[in-house]
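**Q** build me a structure from this.
(4 chains)
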There are 2 protein chains.
Amino acid sequence: MKTGYREVKQALLNRLRAGEWPPGAIMPGEVQLAKEFACARVTVNRAIRELADEGIVRRRRRRGTEVLGDRGRQARLTLHQARQQVVGRGQVYAYRCLSQRRLVAGAGLAQRLEIPAGSALRALRCLHLADEQPFQLETRWICVKAVPEAAEQDFAAEPPGEWLMRLKPLSEAEHRIQAAAARPPEAARLQMATGAPLFVLQRRTWWRGDPVTWARLLHPGDAYELVVRDGV
Amino acid sequence: MKTGYREVKQALLNRLRAGEWPPGAIMPGEVQLAKEFACARVTVNRAIRELADEGIVRRRRRRGTEVLGDRGRQARLTLHQARQQVVGRGQVYAYRCLSQRRLVAGAGLAQRLEIPAGSALRALRCLHLADEQPFQLETRWICVKAVPEAAEQDFAAEPPGEWLMRLKPLSEAEHRIQAAAARPPEAARLQMATGAPLFVLQRRTWWRGDPVTWARLLHPGDAYELVVRDGV
DNA sequence: AAGTGGTCTAGACCACCTT
DNA sequence: AGGTGGTCTAGACCACTTG
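**A** As a prediction, this is how the structure comes out:
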């Protein structure tokens, strides 16, 4: 039975949990650990690299592997399209495009999207339903420059999120999560009371550095939660 | 100049972005790619393994590497203690313990914490302030069985989150994020109107499988947002 | 049965940073 | 200047799953 990187990693984790190397301490070097575990240095390297990826230690050349202390909790979040979320709940999904327009960016939009004023945009407002009930209200802008196909695309049948995911997968993204009070038009669309809490997810994406889209996704606060299982 | 795993990964990403291998397709095997890039198989392996870690492809023995299509967006979230968040904003942090009690779990609490009814608990209510303003209202239960030191600890001076992080680092966690309406006592503590939106983060943690703590962290919705940069 | 990914080894060179 | 981690290589064996 050989010593694999998983065992090495687990052994190191156990020692860390036991407080053998307190935060701030420098762990033994790879060569020494490899000798101790009777394995190749690469094996130790992979074990420790994963610990570093998980934010548990920090590695620096010449300095060694430092145990981190006040690191925050890390969690891995997966955000799905509305359709997948609804189907995953075992409900019936439906999509409705409320409006789709072409426009040019004014000063405000230009700043928010980080594009030049006057850029061509596609503006959308859509509703996603779960079992006929409003699930998500989507407001979205798409930069025609980054996605020329958007200029002529009809979004009456297909949600723009899914369309974009198909056309421009592997784009970079930034997300912001907030709680906000529903304003009258939003409340009406979502069939909730004005001022009631909304779960707000805003997403901006880039394709090779160029802004692609900006979306604001609203959920009724009493019927939505985001679950993030565990660290790393 | 040799071909490193970073270059291989980038090259593969570019081809994926270009649509060379659409979702559902099976990418060439490691041996073939290694030949093409004129590098060792392990180098290709590491490149593709990272793509798999990022949820872009799925690898299965004998079957090959499959390009995923409708995967959700993956994001890496880092959750810090209230103190770090406040200090990070450039504000002055203050902590106030509103109440700390000892009690035994009733049926409801026992179920929520997944512990036997009658277990000893520590119950806390704390307020975290930023520049004298309410920042976070914390309600927390700590299982004495998993953390015996909690029975006698005085939390008047130190936030329980920081204390636990020090005592039981590297615990597992589950997070839930919601938007909710402030109930009267919460609203009063946070100096906001009843019914106004709250950003709610609930966290449960385990230490080697045993439930450790359950915390409910409330932020005024109009003054808080969670930012998640990019995928992976 | 065969082919794919998963992992280990031993050795090597390099890049970087602290001393 | 020297020691640390970062990475590559070539070869090997294993584990799994499909045909």
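**Q** got any ranges where chain A has weak pLDDT?
**A** For chain A, the stretches with pLDDT under 70 are A:1-2, A:231-232.
**Q** let's see 50
**A** By pLDDT under 50, the low-scoring segments of chain A are A:1.
**Q** got the residues of it near DNA strand D?
**A** A:27, A:29-31, A:41-42, A:45, A:48-49, A:52, A:59-65 (Cβ under 7 Å from any atom of the strand). In this view, the C-beta of every residue, glycine as well, is placed from N, C-alpha and C.
**Q** so which of the residues you listed belong to strands?
**A** A:27, A:59-60, A:64-65 (DSSP state E).
**Q** as TSV, the residues you listed with distance to DNA strand C and neighbour count would be great.
**A** Output for these, formatted as TSV (distance: Cβ to the nearest atom of the strand, whole Å; neighbours: other Cβ atoms under 10 Å in any protein chain shown):
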residue	distance to DNA strand C	neighbour count
A:M27	15	20
A:R59	11	15
A:R60	6	9
A:G64	9	15
A:T65	13	22
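**Q** identify the farthest-apart pair in these.
**A** A:M27 and A:R60 (12.0 Å; Cβ to Cβ).
**Q** centre of the chain to stretch A:102-112, how far?
**A** Relative to the centre of its chain, stretch A:102-112 is centred 25 Å away, using Cα atoms, centre = their mean, to the nearest Å.
**Q** what are the contacting residues of that stretch?
**A** A:113, A:115-123, A:141, A:151, A:214 (Cβ atoms under 8 Å, 6 or more residues apart in numbering or on different chains).
**Q** repeat for stretch A:189-196
**A** A:98, A:127, A:133-134, A:137, A:181-184, A:187, A:198, A:218, A:220-222, B:181, B:195-197.
**Q** run the last query once more with 7 Å
**A** A:127, A:134, A:137, A:181-184, A:187, A:218, A:220-221, B:181, B:195 (Cβ atoms under 7 Å, 6 or more residues apart in numbering or on different chains).
**Q** look up how far A:G29 lies from the closest residue to DNA strand D within chain A.
**A** Closest residue of chain A to DNA strand D, Cβ to the nearest atom of the strand: A:R62 (2.8 Å). Distance of A:R62 to A:G29, computed by Cβ to Cβ, to the nearest Å: 11 Å.
**Q** between the two, which is the more surrounded one?
**A** A:G29 (14 against 4; other Cβ atoms under 10 Å in any protein chain shown).
**Q** next, count neighbours for A:Y93.
**A** 19.
**Q** ditto for A:A181
**A** 21.
**Q** follow-up on the earlier one: please flag which of the contacts of stretch A:189-196 sit within strands.
**A** Going by DSSP E, the strands hold A:127, A:134, A:137, A:181, A:218, A:220, B:181 from these.
**Q** thought A:R59 was touching A:T65?
**A** Yes. Between A:R59 and A:T65 there is a contact at 5.0 Å, judged by Cβ atoms under 7 Å.
**Q** give me the common contacts of the two.
**A** Joint contacts of A:R59 and A:T65 (Cβ under 7 Å, 6+ apart) are A:I48.
**Q** so who does the residue lying closest to A:I26 once chain neighbours are set aside touch?
**A** Distances taken as Cβ to Cβ, 6 or more residues apart in numbering or on different chains place A:G64 nearest to A:I26, at 4.3 Å, with adjacent residues excluded. Contact analysis of A:G64 by Cβ under 7 Å, 6+ apart lists A:26-27, A:29.
**Q** over to A:A120?
**A** Contact analysis of A:A120 by Cβ under 7 Å, 6+ apart lists A:104, A:144-145, A:151.
**Q** please indicate which of those are buried?
**A** A:144-145 (16 or more other Cβ atoms under 10 Å in any protein chain shown).
**Q** which of the contacts of A:A120 fall in strands?
**A** Going by DSSP E, the strands hold A:V104 from the contacts of A:A120.
**Q** save the contacts of A:A120 as a markdown table, and put in distance to DNA strand C too.
**A** Formatted as a markdown table, these follow (distance: Cβ to the nearest atom of the strand, whole Å):
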| residue | distance to DNA strand C |
| --- | --- |
| A:V104 | 45 |
| A:V144 | 38 |
| A:K145 | 36 |
| A:A151 | 39 |
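**Q** nearest to A:L16 among the contacts of A:A120?
**A** Checking the contacts of A:A120 one by one against A:L16 (Cβ to Cβ), the nearest turns out to be A:K145, at 49.0 Å.
**Q** isn't the closest one right up against A:S119?
**A** Yes. At 6.0 Å, A:K145 and A:S119 qualify as touching, with contact defined as Cβ under 7 Å.
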